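*Asks:* whatever this is, show me its structure:
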Amino acid sequence: MTNQISSKFDDDDINDDELLAAFEISSFGFPFEPYQIQVDFMRSLYSTLQQSKHGIFESPTGTGKSLSIICGSLRWLFDEIQSWKDEYEELSKPIESKNDSSSDDWLKRIMKRKEEEVIREKRRDELKVKIDLEDQYANASKNTLAASIKKTKRDFDAKYRQLFNSELLQNSDNDSSTSKDQFKIDNDDELSDEELLIKDTDSKTLFDDMDSPTKTDKTGLRDKKVHIQKIFYCTRTHSQISQFIGEIQKTKFVDQLRLVALGSRQNLCINESVLKLKSITLINEKCLDLQKQKKEKKTTKGKRQKTACGCAFLQRDRVECLSNDILSDVQDIEDVVKLGRELNTCPYYATRAAIAAAHLVVLPYQTLMHKSTREACGIEMRDNIVIIDEAHNLPDAICSMHSNDITGNQLIDSYGQLSRYHEKYKARLTAKNLLSIKQLLDVQLNLIKTLCSQENLPIVYDSEKWSNLVISSNSTEKSITFDLIDYLCDAGIHVNLFQLIDYIKTNELTKKLHGFMSKYPVTKNELSDEKKITESALQKLLQKQTQKQLPANTLDEGQLNKESTEYRISNSFAIFAQFLQALTNPRDDGKVIVTTKETLGQCSIRFFALRTSSFFNEIVNEARSVIVAGGTMRPISEFIDHLFLACGQPEEKIFQLSSNHIVPSENVLAIALPSGPKNIEFEFTAANRSNTAMMDELGRVLILLCSTIPDGLVVFFCSYDHLQKTYAYFEKTFVLNKIVAKKKIFMEPKRTGDVDNILTNYTKSIKNGTGGLLFSIVGGKMSEGINFSDELARCVCVVGMPYPNIGSAEMIEKMRYLDSMKLKSTTTGDNTGRAYYENTCWKAINQSIGRAIRHRGDYACLLLIDKRYSKTNIPSKLPHWLANSFYQMNNFTQISNSIQQFFTRRSNNPTSL
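*Replies:* Just a heads-up that it's a prediction; the model follows:
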């Protein structure tokens, strides 16, 4: 067994009390005077990482959780690096010889000494590699020209520009047309028939090997770098990544930290010819395709030579320099993109090249959780730290990421695309390619036939007839659940799906089909000539209705209301390829849910992932420590069972910490509101949401609240449908007119791109004294990651209880799965299906009400509007820090008086203790 010189804390024999006592609060580098719960958080996090344990950390929203994570983890990381140097120095000293005059066992002593020397030398060599690597990467990031220029706010001088653009400047006078031609090539999306044709062997892309963590690209663009020990921090959205990086910039670690923030090509690409594509799949395909293209440009001697890549922003020296520049300063994704544009260098590949040398890698959930994405980015888990923030819904999020669905329209369109391609090029394709395409067509057709009766499907392909084929005489949808293997067998799919997926990827079939459909589009006139039919008004109506009812999660978020034939043509086969990948999951990892509706185009097939551990197993078993953190992590047993125990981790290796809030209990007033001024009870179940008497009573409550509550009021509804119905009714009954007289009304938008504009206007309305009422959705864009501090939310209302649909096929299967897992569970937590159903509701509620309290001096009123909140078990469902501030009252007058008194006290004492 290897003997190691103990650093400041010994892994094998560590005492928590001694460990915590050894810390000076100032050593964490917290930018402000920390509260005790923040000190406890940082100390516990440090201890957990030091002992190579996994941790579940719960710290209420507004308690400085992000800063505590930063200071606790980075302090550990830099202590760990220093411990390598201390241990190396100790091991470099000669072994002290013991004076032993005894002649007995002298041979054993010599052999033992020799063994110790071998062990010490091996350990010393290991440490030297780590130390040299750290020094090498530190010097590379410090000694960049851009690093010195950043000290003058990136004022790029002539020398700096000449370094990156010398050749371009030399050629600008002699050959001004070169750049124009280059731009034209970059933006030429139409491929020739030769390029569209599938060949037996397609060449690898220039950066293919860069996508692989185990290879070196053949041009030497980037050799495989050895990774230093690092921390991976991931959260849900890019805006949360930006907030996290902003917090890092407040700490003492900012000057020595090497950080890189990862994003998708959509966020980081600066090539306009690539960015103009709508689909992320097509953006990825276009980027890889440009890497294969060799471009010619004139040299100073007038000769033409091949450049390394078809993308002007992708060259070895520039990417390497930009990656070093990224690490030389703590920068957000927007900063990196700006720097990339200034240097005419690809930020996407530069950030990936920077991963190996980074101390801290900040990335979104999807990049870490998807194995293929992880490997493509070169992310290595071995002996590294993984911190997952905003993890309250992590088990569900993991399953959602690995679930996949496809609609009847998408299947029909993808089948049509591949059929036309096959028909066009069948005389020029090899037998091997013809066989693979025929297998893909058979799979598509068999999947379509699982949605309808085979005898009803017209033999000749006709997209309109197939899409509008009536499946059910009524509009009620029906779902049937299948075992994955049973479904494939019943569908008659017996081919090797892994080989077909590999065929699609290797031959870039998605890109070729997109290029084919762009080059040979099917016009309406052609459809009319081929089919010799006239589209009736009923067919048009059905087509519009089909497009409206396509599931929202098949679209980019910014285009929920922009479904079009063009979009279907561009993406249908890509969606089919992704769905095919989902069908290769192990049998026990999920179920197949077939949903039938009125027409074939509206039907859908969904692979619903159930087993979280299958997708999380590699992360938790390879990483040194996995930390999951959030504001509302209960029930913690859900994380223990499904994220750690199910992945083979022992229970004693799991640490838990649940912190109180920093806000005094008198700064919060939480009330269950069962009825309104006229004693009409609220029970906003799905069946009652259109009850006009309840909506009238709710209107009276909101009007009174607008008169009592200062500044901002945020009202959360359980769904968009409920909000829209209520809003329309309020408009009809003039409730909105009465509210507008007191506060300006805002509504959460459906488009993500409109959120910032709504929030800006809402904030302005409050700041200028007009006040504001913001209608939002539980689980929507405003319920997570948005800080309604101080006057932005003096009151938060939750209307109804956001229970999921217990009759949905997904919920039924999830509850069955959890019931079966409970029989194997070793914990005492209630993780049955029914408990999951309840907890899903309460997690959403607790996230919504947590938007209001953001710091110690903040104060707010929280109203839970529904009589079901008056049940005796409700206090135990709320965050524990609300226990002393939650009241269940039956009299509306009493509730109204309590609210008035609360805000009167706050106005008399605006600075809280």
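
*Asks:* from here on, contacts and neighbour counts on C-alpha atoms
*Replies:* Will do.

*Asks:* what residues of whichever strand or helix holds residue 898 count as buried?
*Replies:* Secondary structure from DSSP states H and E places residue 898 in helix 892-908. Of all the residues in helix 892-908, those buried under the rule 16 or more other CA atoms under 10 Å are 892, 895, 896, 899, 900, 902, 903, 906.

*Asks:* check contacts around residue 35.
*Replies:* Residues counted as contacts of residue 35 (CA atoms under 8 Å, 6 or more residues apart in numbering) are residue 662.

*Asks:* helix, strand or coil: sort out residue 798 for me.
*Replies:* Three-state assignment for residue 798 (DSSP: H, G, I helix; E, B strand; the rest coil): strand.

*Asks:* looking at it, it is touching residue 719, isn't it?
*Replies:* No: at 11.3 Å, residue 798 does not count as touching residue 719 under the criterion of CA atoms under 8 Å.

*Asks:* if we can go back for a sec, name the nearest of the buried residues of helix 892-908 relative to residue 228.
*Replies:* When these are ranked by distance to residue 228 (CA to CA), residue 906 comes first, at 51.5 Å.

*Asks:* the closest one and residue 859: what is the separation?
*Replies:* 8 Å (CA to CA, to the nearest Å).

*Asks:* do the same with residue 326
*Replies:* 40 Å.

*Asks:* spatially nearest residue to residue 383 (excluding sequence neighbours)?
*Replies:* residue 624 (4.4 Å; CA to CA, 6 or more residues apart in numbering).

*Asks:* let me see the ranges of the helices in the stretch 701-850 of the chain.
*Replies:* 720-732, 735-740, 755-767, 809-822, 833-849 (DSSP state H, counting those that start in this stretch).

*Asks:* so which of these gets nearest residue 634?
*Replies:* The nearest among those, by CA to CA, is helix 833-849 at 7.9 Å.

*Asks:* and the angle for the helix or strand just after that closest one with helix 892-908?
*Replies:* Downstream of helix 833-849, the first helix or strand assigned by DSSP H and E is strand 860-865. Using axes from the mean of the first three to the mean of the last three CA atoms, to 10 degrees, the inter-axis angle of strand 860-865 relative to helix 892-908 is 160 degrees.

*Asks:* which residues are contacting strand 860-865?
*Replies:* Contacts of strand 860-865 (CA under 8 Å, 6+ apart): 667-675, 682, 790, 793-800, 849, 852-853, 899.

*Asks:* what angle separates that strand from helix 833-849?
*Replies:* Using the same axes, to 10 degrees: strand 860-865 against helix 833-849 is 140 degrees.

*Asks:* can you give me the buried ones in the helix or strand just after strand 860-865?
*Replies:* For strand 860-865, the following helix or strand on the C-terminal side (DSSP H and E) is helix 874-877. For helix 874-877, burial by neighbour count (16+ other CA under 10 Å) applies to 875, 877.

*Asks:* offset the numbering so it begins at 602, please.
*Replies:* Sure thing, new numbering starts at 602, so read that last one as helix 1475-1478.

*Asks:* does anything pack onto the very next helix or strand once past helix 1475-1478? Which helices or strands?
*Replies:* Proceeding C-terminally, helix 1475-1478 gives way to strand 1487-1489 as the next helix or strand, assigned by DSSP H and E. The contact analysis (3 or more CA pairs under 8 Å, 6 or more residues apart in numbering; DSSP states H and E) places strand 1487-1489 against strand 1269-1274.

*Asks:* the strand it packs on - contacts with which helices or strands?
*Replies:* strand 1461-1466, strand 1487-1489, helix 1493-1509.

*Asks:* which residues are contacting that strand?
*Replies:* Contacts for strand 1269-1274 (CA under 8 Å, 6+ apart): 1460-1468, 1470-1471, 1483, 1486-1491, 1493, 1496, 1500, 1503.

*Asks:* buried ones from the residues you listed, can you make that a PyMOL selection?
*Replies:* Here is the PyMOL command that selects the buried residues among the contacts of strand 1269-1274 (16+ other CA under 10 Å):
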select buried, resi 1460+1461+1462+1463+1464+1465+1466+1467+1468+1470+1471+1483+1486+1487+1488+1489+1491+1493+1496+1500+1503
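
*Asks:* how is the chain carved up into domains?
*Replies:* If you go by the TED database, the domain ranges for the chain are 832-891+912-983, 1005-1119+1173-1212, 1266-1509.

*Asks:* tabulate these (TSV), appending mean pLDDT and distance to residue 691.
*Replies:* Putting those into TSV (pLDDT from 0 to 100; distance: least, CA to CA, whole Å) gives the following:
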stretch	mean pLDDT	distance to residue 691
domain 832-891+912-983	89	25
domain 1005-1119+1173-1212	91	47
domain 1266-1509	90	44
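
*Asks:* now do the buried residues in the helix ranked longest in the chain.
*Replies:* Secondary structure of the chain per DSSP state H: the longest helix is helix 707-743. Buried residues in helix 707-743, defined by neighbour count with 16+ other CA under 10 Å: 720-721, 724-725, 728, 731-732, 734-735, 738-739, 741-743.

*Asks:* adding distance to residue 972, write these out as JSON lines.
*Replies:* Shown next, in JSON lines, are the buried residues of helix 707-743 (distance: CA to CA, whole Å):
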{"residue": "720", "distance to residue 972": "36"}
{"residue": "721", "distance to residue 972": "37"}
{"residue": "724", "distance to residue 972": "32"}
{"residue": "725", "distance to residue 972": "34"}
{"residue": "728", "distance to residue 972": "30"}
{"residue": "731", "distance to residue 972": "27"}
{"residue": "732", "distance to residue 972": "30"}
{"residue": "734", "distance to residue 972": "27"}
{"residue": "735", "distance to residue 972": "27"}
{"residue": "738", "distance to residue 972": "27"}
{"residue": "739", "distance to residue 972": "29"}
{"residue": "741", "distance to residue 972": "30"}
{"residue": "742", "distance to residue 972": "29"}
{"residue": "743", "distance to residue 972": "33"}
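
*Asks:* the residue nearest in space to the middle of the chain: what's it in contact with?
*Replies:* Note on the chain: the residue nearest the mean C-alpha position is residue 966, at 3.4 Å, using CA atoms, centre = their mean. With contact taken as CA under 8 Å, 6+ apart, residue 966 is in contact with 835, 836, 837, 838, 989.

*Asks:* deepest of the domains of the chain, which one?
*Replies:* A comparison of the domains of the chain by mean neighbour count, using mean count of other CA atoms under 10 Å, puts domain 832-891+912-983 on top with a mean of 20.

*Asks:* tell me how far it lies from the chain's centre.
*Replies:* Mean-position distance between domain 832-891+912-983 and its chain equals 14 Å (CA atoms, centre = their mean, to the nearest Å).

*Asks:* start and end of it, how far apart?
*Replies:* Note: domain 832-891+912-983 ends 11 Å apart using CA to CA.

*Asks:* before we move on, back to that, out of the helices of the stretch 1302-1451 of the chain, which gets nearest to residue 934?
*Replies:* helix 1356-1368 (17.8 Å).

*Asks:* and that closest one, what does it pack onto?
*Replies:* strand 1345-1348, strand 1373-1378.

*Asks:* out of those, flag the one nearest residue 1243.
*Replies:* Nearest of those (CA to CA): strand 1373-1378, 28.2 Å.

*Asks:* relative to residue 934, which of the buried residues of helix 707-743 is nearest.
*Replies:* residue 742 (17.6 Å).

*Asks:* quick one: contacts for the closest one?
*Replies:* 748, 859, 925, 926, 927, 928, 929.

*Asks:* closest to residue 1446 among these?
*Replies:* Of the contacts of residue 742, the one sitting nearest to residue 1446 (CA to CA) turns out to be residue 859, at 37.7 Å.

*Asks:* quick one: that closest one from residue 636, how far?
*Replies:* 28 Å.

*Asks:* cheers, nothing more for now.
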